[in-house]
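1. Take this sequence and fold it.
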Amino acid sequence: MTSLFRRRRREPLAVPLEPEPTGIDCTVPGCPNTDALRCEYRDRRGHLCPVSFCPDHGTVIEGAPYCRRHASTVRAIGALASDPNGRPDLDDRTPSLVNWISRELDGHIRAQLEAAAGEGESVVSDDAVHLSRDQNRNLRWERSWRLVENTGLVLKISIHVSAENDELVRINVGSEMVADGIPPWIARRKMGEDVDVSIDVAQRQLFYLYLQESIAKAVAEFRGGDRRSAR
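-> Numbers count the residues shown, from 1 in each chain. Below you'll find the model as predicted:
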């Protein structure tokens, strides 16, 4: 499909859009625009997103137009988006959630691992969210950071959400789960609650602080125990 939206500048993965008349109504509630494109996201089951979006409610990634939800999914899974069999179901928000939490905690996790690194050890991390399995072979979406040395893995920190419970964020340091919780904005949405922006910000900060403190404590205990490998 040739995009009906023009790029304002070359390069970036996601580009802003300029409207051109298409005669298609934007499906976002309350939006009066009639210059919409249809989202091109197709999941692994072959289901095509039914959303049409205007330039205010979507974007183009690698030349393909996506609604906001599926643009977030495509960004989260990175190269996996090019595999038709690797794309999450239309209504699966899990990869986006893992990626959102990962972006918020990335700097903190890197700092903890770098501070704990010994001689010859370095920090590497995933550049996208990917599918993995837990010890019971259950599927989950995950992003991880690893402290490694020339002989292999020293310590792994992962943020993951399982397919069975797509609201619960879990964090593992090594083989141990050190924190879990449903993000406050998801809990509110589930209960139909609405709060002031200041309350939302405060709740988010407390949630991230809880995760950060849990990670910091676990990394300190790991290095204090002087264990050489935690897989």
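2. In PDB, list the C-alpha atoms belonging to stretch 37-47.
-> Taking Å, rounded to 0.1, in the frame of the first residue of the first chain, the C-alpha atoms of stretch 37-47 are listed here in PDB:
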ATOM      1  CA  LEU A  37      -5.900   5.800   7.000                       C
ATOM      2  CA  ARG A  38      -6.700   2.200   7.900                       C
ATOM      3  CA  CYS A  39      -4.300   0.600  10.400                       C
ATOM      4  CA  GLU A  40      -2.200  -2.100   8.600                       C
ATOM      5  CA  TYR A  41      -1.500  -4.200  11.700                       C
ATOM      6  CA  ARG A  42      -2.300  -7.900  11.000                       C
ATOM      7  CA  ASP A  43      -1.800 -10.300  13.900                       C
ATOM      8  CA  ARG A  44      -0.300 -13.800  13.700                       C
ATOM      9  CA  ARG A  45      -3.900 -15.300  13.200                       C
ATOM     10  CA  GLY A  46      -4.400 -13.100  10.200                       C
ATOM     11  CA  HIS A  47      -6.800 -10.700  11.900                       C
END
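3. quick one: buried residues of it?
-> In terms of neighbour count (16 or more other CB atoms under 10 Å), stretch 37-47 has its buried residues at L37, R38, C39, E40, Y41, D43. (Glycine included, C-beta is placed from N, CA and C.)
4. how far is it from where the chain is centred?
-> 19 Å (CA atoms, centre = their mean, to the nearest Å).
5. what comes into contact with it?
-> Applying CB atoms under 8 Å, 6 or more residues apart in numbering, the external contacts of stretch 37-47 come out as 1, 3-5, 22, 24, 48-53, 58, 64-67, 70, 73-74, 84-90, 92.
6. Name the nearest residue to H160, sequence neighbours excluded.
-> Nearest non-adjacent residue to H160, counting by CB to CB, 6 or more residues apart in numbering: E142, 4.0 Å away.
7. for I182, same thing?
-> E167 (4.9 Å).
8. so what's the nearest residue to Q212 once chain neighbours are set aside up against?
-> For Q212, ignoring the flanking residues on the chain, the nearest one in space by CB to CB, 6+ apart is H108 at 4.9 Å. Applying CB under 8 Å, 6+ apart to H108 gives the contacts Q212, I215, A216.
9. Select from those residues the one having the most neighbours.
-> Per-residue neighbour counts (other CB atoms under 10 Å) across the contacts of H108 peak at I215, which has 23 neighbours.
10. for the helix or strand harbouring that one, what is the average pLDDT?
-> Counting by DSSP states H and E, the element that carries I215 is helix 197-225. For helix 197-225, mean pLDDT is 94.
11. residues making contact with stretch 194-210?
-> So stretch 194-210 is contacted by E104, L105, A179, G181, P183, P184, W185, R188 (CB under 8 Å, 6+ apart).
12. Of those residues, keep whichever come out buried.
-> E104, L105, A179, G181, P183, P184, R188.
13. What does the pLDDT read for the residue lying closest to the fourth one once chain neighbours are set aside?
-> If I follow you right, that is G181. Nearest residue to G181, sequence neighbours excluded (CB to CB, 6+ apart): V169, at 6.1 Å. Residue-level confidence at V169 comes out at 98, pLDDT.
14. Take the contacts of stretch 37-47 and keep only those in helices.
-> H70, T73, V74 (DSSP state H).
15. which of the residues you listed lies closest to P29?
-> H70 (17.5 Å; CB to CB).
16. Name the nearest residue to that closest one, sequence neighbours excluded.
-> In space, H70 is closest to Y41, 3.7 Å off (CB to CB, 6+ apart).
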